[in-house]
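Undergrad: pasting a predicted model and its sequence here:
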Amino acid sequence: MAETTLTNTTGIGPRPDGLRGIASDWSSDQRAFKNVSWGKAMMWIFLLSDTFIFGCFLLAYMTARMSTVVPWPNASEVFSLHIGGVSVPLLLIAIMTFVLISSSGTMAMAVMQGYRRNRKMSAILMLVTAALGATFVGMQAFEWTKLISEGVRPWGNPWGAEQFGATFFMITGFHGTHVTIGVIFLLIVARKVWRGDYDVGERGFFTSRRGNYESVEIMGLYWHFVDLVWVFIFAFFYLW
Amino acid sequence: MVDATHGAVDVIPPAEVPEVELYHPHSWWTKYVFSQDAKVIAIQYSGTAIAIGMVALVLSWLMRLQLGFPGTFDFITPEAYYQFITMHGMIMVIYLLTALFLGGFGNYLIPLMVGARDMAFPYVNMLSYWIYLVAVLVLVASFFAPGGPTGAGWTLYPPQAILGGTPGGQQAGIILMLVSLILFIIGFTMGGLNYVVTVLQGRTRGMTLMRLPLTVWGIFTATVMALLAFPALFVASVMMLFDRVLGTSFFMPALVEMGEQLSYGGGSPILFQHLFWFFGHPEVYIVALPAFGIVSDLISTHARKNIFGYRMMVWAIIIIGALSFIVWAHHMYVSGMHPYFGFFFATTTLIIAVPTAIKVYNWVLTLWRGDIHLTLPMLFALAFIVTFVNGGLTGLFLGNVVVDVPLSDTMFVVAHFHMVMGVAPIMVIFGAIYHWYPKITGRMMNEAMGQFHFWITFVGAYAIFFPMHYVGLVGVPRRYPEIGEPAFITAPVENLNAFISVAALVVGFAQLVFLFNLIWSIWYGREAGGNPWRATTLEWQTSETPPPHGNFGKELPIVYRWAYDYSVPGAKEDFIAQNDPGTGKTATGLA
């Protein structure tokens, strides 16, 4: 995107610091956030909106869990794996969380390598991120399979309140969809970076806009957000 | 003009970013159908919204026929009546008002008024319209589905919404309704992100936030609210869809239907009400704030006077927007709640009256000793003020728990919300169409037809809704297809009901005159010229009318002043355009 950076700084003069600076930026012309491109602004606002979606989902889950008169299934039993005859609580979830958080690390490195114009390295790191994301979704599929085979359904389960299955499948499913969409876009952006589309200003297939390496960072914003949401889902489903 | 934000300034900062390359259409399809130009998208949005709005208008006629003359029309069964109510409400609130104000006026006016070539992401903007269209088609499809559309009431309260006793509850109706809502929200989010980013980050040189026309402020704030409020409806729709399709029990308690225990159990219908109204109350202001903004500009332009208290107007819009997120439970007084919650929500509700009253006073003070031209936009703006004050005052009644509880299920509430969020915003929509039509088509709308349309609509709206307050106070319940002959219903009320119905039919037909005018004037209207209202804002200063692709000529306009320099003493004309540098003012960085 050509409009990414503040290109013309002549005549602007020194900017005030701190709160005054924020106030003067907001009350100035052209843009409220001076060093934020359109794409980045759009992603931030979208994430704010998406926060409200996840917030409503989680609040609905909390309401259901607190208002039910039937016992809620015990998380440390339901989400445990039997390995060598021993029940290990939260083992799978611990690995899943570790994988997803690690993918945030590789994503951040991909952004840095992108800005350094290490195209191959950036693309590889994004592919690693995508692979970790896909692993996460795969493990989630395994977890779903295990629960379904134990009789958990959206409309009931063997252990207690039927809202357990409903909220679990809905919220982890919605989050998993986010991860899946993220993986697809990671692959697309990685391909663009690998081919050097952002160096030559190749136009996007659909949008016909020229991209640049900021796209990697915007992709990263989304990815980190999805990871952050997982932390909350993890806390509310598995630790409560 | 002593205030620094109002007067022309000496130094205009240089352009911070280079111009964005526009997408240039290559074919008829990409120019007129799959267009990425915000102006074309705006017209597509408006056309679709008005078309589906006509369906809702016809539904309201059918309802009024039943209410005014119960038992006369055999085809209006109680089930059909509930379907009419549901679809009328949902279409009017979401698919007409929200889509027309934000998708229609937002798309057309934001880029032009802030001095941008187009929206920030034209491709996403195009997708927004097409997803909206699919949402509308899914909604319309429910009319043809087996069992017809849902008859759950526009609030879709569970558990009845998805039970067999409600029309469409165990058929396709409710499913199509929920899918349509989900699609609408996805589509709207795509457009809404564009509007917000364009206002925040895409303004032209000199266009500071405090120089934005109030129209842009209203649409911008409403869009931000919509981006935060629609998620609650999205979540509620998804969950209810699962309740209906998968058999989950998010909102469904244990129930016995026709002597049979249903498989649902443990869900909370009240949770749905909370989610719905967390969306539903901001929705009222999502519709009202653009109307507030637009009407401010109409009044200022047609009274040839600067808007009174511009800063207060902006802050009032923002405060109303923020407050509207903490009042939602005033729709749920009759659902039962702890008295302290009722106290809290009644208090916040009444506090909203303060910024709203500030706005009304400012409109009136703008008119005060102004050079009022009774043009069509001005007439509709005046009609907005009276109808809005009217509906707002009854809102103060209903905001109080003790008054709301007895009145909540009567026609009084129907009269209240139609006055405040039906009639009043629609008045602004009409005024805005008469106002901006010359810019969109290059021709004026016919004045005689417009006057006819205005007087029938304005007087008719009062004929419909004023008696309805009384009917409600007497105790006629809402949502009843017919009330029989209970002791408390006196004969005059029946006559009033018939009178209201006749008035509704007449007002409805007057809208056909408006539609005819809308199309007729494209070819036969008087040539308008570029700035027929002698207005200051940027959209009237374009090189061509209608504005070309890219809106402005080779150079983007530079803004030197606020949008309300009307009748400035000593000025050559009675208005000074926003991009008029005035004498002795030069921009730095200009060749």
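TA: In hand now; what should we look at? Numbering: from 1, shown residues only, chains lettered A, B, ... in the order given.

Undergrad: strands of the chain, start to end?
TA: Just going to use chain A. With DSSP state E as the criterion, chain A has strands at A:80-83, A:86-89.

Undergrad: I was after chain B.
TA: With strands called from DSSP E, chain B shows them at B:256-257, B:260-261.

Undergrad: give me the contacts around the first one.
TA: Contacts of strand B:256-257 from elsewhere in the structure, counted by CB atoms under 8 Å, 6 or more residues apart in numbering or on different chains, are B:163-165, B:262. The C-beta positions use only the backbone N, C-alpha and C, and glycine is treated the same way.

Undergrad: got a winner among those residues for most neighbours?
TA: Comparing the contacts of strand B:256-257 by number of neighbours (other CB atoms under 10 Å in any protein chain shown), residue B:163 comes first, having 19 neighbours.

Undergrad: which non-adjacent residue is nearest that residue?
TA: residue B:169 (5.0 Å; CB to CB, 6 or more residues apart in numbering or on different chains).

Undergrad: check contacts around the one you found.
TA: B:150-152, B:160-163.

Undergrad: residue B:21: how many residues sit nearby?
TA: Counted with other CB under 10 Å, residue B:21 comes out at 15.

Undergrad: scratch that, residue B:550
TA: Around residue B:550 there are 16 other residues, counting by other CB under 10 Å.

Undergrad: ok so, going back, quick check: the farthest pair among the contacts of strand B:256-257?
TA: Pairwise distances across these peak at 11.9 Å for B:165 and B:262 (criterion: CB to CB).

Undergrad: ok, back up a step: now the residue nearest to residue B:163: how far from residue B:240?
TA: Separation of residue B:169 from residue B:240 (CB to CB, to the nearest Å): 11 Å.

Undergrad: what's the overlap in contacts for those two?
TA: Contacts common to residue B:169 and residue B:240, judged by CB under 8 Å, 6+ apart, are B:161-162.

Undergrad: quick check: most distant residue from the centroid of chain B.
TA: Distance from the centre of chain B peaks at residue B:259, with 44.0 Å (CA atoms, centre = their mean).

Undergrad: residue A:35 versus that one, what's the distance?
TA: 67 Å.

Undergrad: what of residue B:401?
TA: Counting by CB to CB, the gap from residue B:401 to residue A:35 is 49 Å.

Undergrad: quick one: which of these two has more around it?
TA: Taking neighbours as other CB under 10 Å, residue B:401 and residue A:35 compare with residue B:401 leading, 19 against 11.

Undergrad: find the nearest non-adjacent residue to the more buried one, please.
TA: Residue B:401 sits nearest to residue B:342 (CB to CB, 6+ apart), 4.4 Å away.

Undergrad: re earlier: which one of the contacts of residue B:169 sits closest to chain A?
TA: Nearest to chain A among these: residue B:162, at 13.6 Å, using CB to the nearest CB.

Undergrad: so who does that closest one touch?
TA: Contacts of residue B:162 by CB under 8 Å, 6+ apart are B:152, B:169-170, B:174, B:240, B:243-244, B:252.

Undergrad: now with 7 Å, please.
TA: The contact partners of residue B:162, by CB atoms under 7 Å, 6 or more residues apart in numbering or on different chains, come to B:169, B:174, B:240, B:243-244.

Undergrad: who wins on neighbours among those residues?
TA: Busiest of these [other CB under 10 Å] is residue B:174, holding 30 neighbours.

Undergrad: isn't that one right next to residue B:168, touching?
TA: Yes: using CB atoms under 7 Å, residue B:174 is in contact with residue B:168, at 5.2 Å.

Undergrad: what do these two both touch?
TA: Residues touching both residue B:174 and residue B:168 comprise residue B:150, with contact defined as CB under 7 Å, 6+ apart.

Undergrad: give me the neighbour count for residue 166.
TA: Picking chain A for this. A count of nearby residues for residue A:166, using other CB under 10 Å, gives 29.

Undergrad: actually, chain B is the one I wanted.
TA: Counted with other CB under 10 Å, residue B:166 comes out at 24.

Undergrad: that older thread, whichever of the contacts of residue B:169 end up buried, select them in PyMOL.
TA: Entered in PyMOL, the line below selects the buried ones among those, by 16 or more other CB atoms under 10 Å in any protein chain shown:
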select buried, chain B and resi 150+151+152+161+162+163
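
Undergrad: TSV please, covering the contacts of residue B:169 and showing pLDDT.
TA: Compiled in TSV, the contacts of residue B:169 are given as follows (pLDDT from 0 to 100):
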residue	pLDDT
B:150	95
B:151	94
B:152	94
B:160	93
B:161	94
B:162	93
B:163	93
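
Undergrad: export the contacts of residue B:169 as JSON lines, with columns for distance to residue B:19.
TA: Shown next, in JSON lines, are those (distance: CB to CB, whole Å):
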{"residue": "B:150", "distance to residue B:19": "48"}
{"residue": "B:151", "distance to residue B:19": "53"}
{"residue": "B:152", "distance to residue B:19": "50"}
{"residue": "B:160", "distance to residue B:19": "56"}
{"residue": "B:161", "distance to residue B:19": "51"}
{"residue": "B:162", "distance to residue B:19": "52"}
{"residue": "B:163", "distance to residue B:19": "58"}
